[in-house]
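Student: 3D model of this:
(chains A and B)
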Amino acid sequence: MLNHREKRRYLAIMYDDNTILLPFQLHEKIAERFKELFGAINCELAMLKLYDSKFGNILFVGCKLKYLDYLLVSLSMTQPSFTVVSLSGTIKRLRKNVSSLDIRNIKSIAK
Amino acid sequence: MSKILDLDVIGIDSSYSTNMKPAENIILRMDKKQHPFSHYYPYLVVSDNVKTLDGKTDLFLIDPFQRKDAIKRKIKRGVGIEVSIAFSKKLDASLVGKWLKEVKSIYEFCKSNNCQFVLSSGATSVNELVSARSFESLLKLIGISPINYWNEISEWLYTKNKARWVHAKS
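Tutor: The predicted structure follows:
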């Protein structure tokens, strides 16, 4: 049997600073919308996972590459709003990408 | 912000333009042609009311659930028909399905009437913006080729702003 590991993608998602929801609750909202739109089976197969971003108002969410389009559609159709600011194949690379973005500047625009 | 979202150009409402410097990656969306900032920015005249739809309108914002009979009669060749994603965020799953079906029919209507289909975020804040990759996923889901979409919209924007942009730069 081949030791085959499915590829994943990691997304940095910006959310509203003023939201009262905690990151895990926001992740639940995303998963809930994913389930509503594409079904519970696809949601489970996508293996959505929340990671600690260590950046304020930015979530890191991982999913299987095969279900990336479904996740992106779910994100753009979820209330509260989310904006995908970066996408990468590894968490390490994603963290690097996000730290190279001028997050402070984005936050000041957001306000 | 446009770089982060992988978008070449972002359209912003003319009422937000007062504290911004003119830039090449910004297109003003305005309801009247004579706006003081129209000399500094490329712009599009946007309307969301069929009654105000005239020859000066560049972009018509449509609600996918509204009746399209009146629009079919009034819409002219080369006009952009815009569908905003923001509207779909508040819908439940079954209505989202219907919304996607209607968006597809608007796309087909645009194709048959030589209009430009425009999918927009409808964002009123930075947090509501949609990245290029997310647009592409949505387009794929609807059944539109993202490559064709970007090519067509670029060409349409170029023709719309060609004369105005040269004027704005000079």
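
Student: Just checking stretch A:88-97 against chain B, any contact.
Tutor: No - using CB under 8 Å from any CB of the partner chain, stretch A:88-97 never reaches chain B; the gap is at least 9.8 Å. Where C-beta positions appear, they are placed from N, C-alpha and C, glycine not excepted.

Student: and that stretch, how far out from the chain's middle?
Tutor: Put simply, stretch A:88-97 sits 12 Å off its chain's centre (CA atoms, centre = their mean, to the nearest Å).

Student: Next: stretch A:9-23.
Tutor: Relative to the centre of its chain, stretch A:9-23 is centred 8 Å away, using CA atoms, centre = their mean.

Student: Quick check: end-to-end length of that stretch?
Tutor: This stretch, stretch A:9-23, spans 19 Å end to end (CA to CA, to the nearest Å).

Student: mean confidence score for that stretch?
Tutor: Averaged across stretch A:9-23, the pLDDT comes to 91.

Student: can that stretch be found next to chain B?
Tutor: Yes - for stretch A:9-23, a contact with chain B is found by CB under 8 Å from any CB, at A:Met14, A:Tyr15, A:Asp16.

Student: which ones among the residues you listed are found in strands?
Tutor: Of these, the ones assigned to strands by DSSP state E are A:Met14, A:Tyr15.

Student: Out of the residues of stretch A:9-23 next to chain B, which is nearest to A:Phe55?
Tutor: A:Met14 (9.1 Å; CB to CB).

Student: nearest residue to the closest one other than its sequence neighbours?
Tutor: Distance criterion CB to CB, 6 or more residues apart in numbering or on different chains; nearest residue to A:Met14, sequence neighbours excluded, is A:Thr83 at 4.6 Å.

Student: Return the distance of the residue positioned nearest the centre of chain A relative to A:Asn97.
Tutor: In chain A, the centroid-proximal residue (CA atoms, centre = their mean) is A:Val61; its distance is 3.4 Å. As defined by CB to CB, to the nearest Å, A:Val61 lies at a distance of 14 Å from A:Asn97.

Student: and chain B, which of its residues are near chain A?
Tutor: Those residues of chain B that sit near chain A, judged by CB under 8 Å from any CB, are B:1, B:4-5, B:85, B:88-93, B:96, B:121, B:123, B:125-131, B:133-135, B:137-138, B:140-141.

Student: repeat that for 6 Å
Tutor: B:4, B:85, B:88-89, B:93, B:126-131, B:134, B:137-138, B:140-141 (CB under 6 Å from any CB of the partner chain).

Student: Is it possible to mark the buried ones in the residues you listed?
Tutor: Applying 16 or more other CB atoms under 10 Å in any protein chain shown to those, the neighbour count classes B:4, B:85, B:88-89, B:126-131, B:134, B:137-138, B:141 as buried.
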